[in-house]
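Student: Generate a structure from the sequence data that follows.
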Amino acid sequence: MPLALYALTESMEPAFRDWQKAWGKEPIVPSGCFLEDGEPFEAWLSKRRALEDPVFAASRGWSPGKDFCLMENPAGPILAMSNLRTVLTPSLLEFGGHIAYGTRPDFRRRGLAAQCLSLTLEKAKEAGLRHVLITCSRENLASARTILKCGGTLDDEVPRAGGGVTQRYWISLYDTAVSFFK
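Tutor: This next block holds a predicted model:
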């Protein structure tokens, strides 16, 4: 099935709500990709779109960013989501990186994370980034494998205040050929 990244639109609300429901009680969820209880989708989407404006994001001390959905078509289902941040704030430099991504739990182990990350790396390149930082928990072996598959090189490991260790990987967007269709 040919998959592509789509920006969320108002018409994707049913697919998005299905995405959120699929996560259930999952302890780790993709950053920013969830509605709060009772929050209207349109209001949430408006807030997410506001973050695409560098001036607005900077006025709040955040990085400008854009959300993407990995889908066969805009009707859904959403198989994975990513968030591309074009500026690294001090906290993103340490623990968040340029890209956050997550695969819907019931669609894992199908290579979708690598497809989502690879396509988001292309968006990063289009945005003018030359190198991208991606982080994950040392315990998240699946994410580490995905990052390595997409050309990541482990830079270092940073202890987290609450325990655990964050691994920091860099991907060069001009020196690395990313292919998972072999």
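
Student: Would you confirm that residue 170 belongs to a strand?
Tutor: Yes - counting by DSSP: H, G, I helix; E, B strand; the rest coil, residue 170 is part of a strand.

Student: Would you check that it makes contact with residue 155?
Tutor: Yes - counting by Cβ atoms under 8 Å, residue 170 does reach residue 155; the two are 5.3 Å apart. Quick note: C-beta positions are derived from backbone N, CA and C, even for glycine.

Student: Same question for stretch 34-42: list its buried residues.
Tutor: residue 41 (16 or more other Cβ atoms under 10 Å).

Student: Residue 132 versus residue 165, what's the distance?
Tutor: Noted for residue 165: a distance of 20 Å to residue 132, by Cβ to Cβ, to the nearest Å.

Student: Pick out whichever of these two has more residues nearby.
Tutor: Neighbour count, other Cβ atoms under 10 Å: between residue 165 and residue 132, residue 132 has more, with 28 against 12.

Student: The more buried one belongs to a helix, doesn't it?
Tutor: No - going by three-state DSSP, the assignment for residue 132 is strand, not a helix.

Student: Just the C-alpha atoms of the lengthiest helix in the chain, please, in CSV.
Tutor: Criterion DSSP state H: the longest helix present in the chain is helix 112-126. The C-alpha trace of helix 112-126 is given here as CSV (Å, rounded to 0.1, in the frame of the first residue of the first chain):
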residue,chain,number,x,y,z
LEU,A,112,5.6,2.0,9.5
ALA,A,113,7.8,3.9,12.0
ALA,A,114,10.7,3.8,9.5
GLN,A,115,8.4,5.0,6.7
CYS,A,116,7.0,7.8,8.8
LEU,A,117,10.5,8.9,10.0
SER,A,118,11.9,8.6,6.5
LEU,A,119,9.2,10.8,5.0
THR,A,120,9.5,13.3,7.8
LEU,A,121,13.2,13.5,7.2
GLU,A,122,12.3,14.5,3.6
LYS,A,123,10.1,17.3,5.1
ALA,A,124,13.0,18.4,7.3
LYS,A,125,15.2,18.6,4.2
GLU,A,126,12.6,20.6,2.4
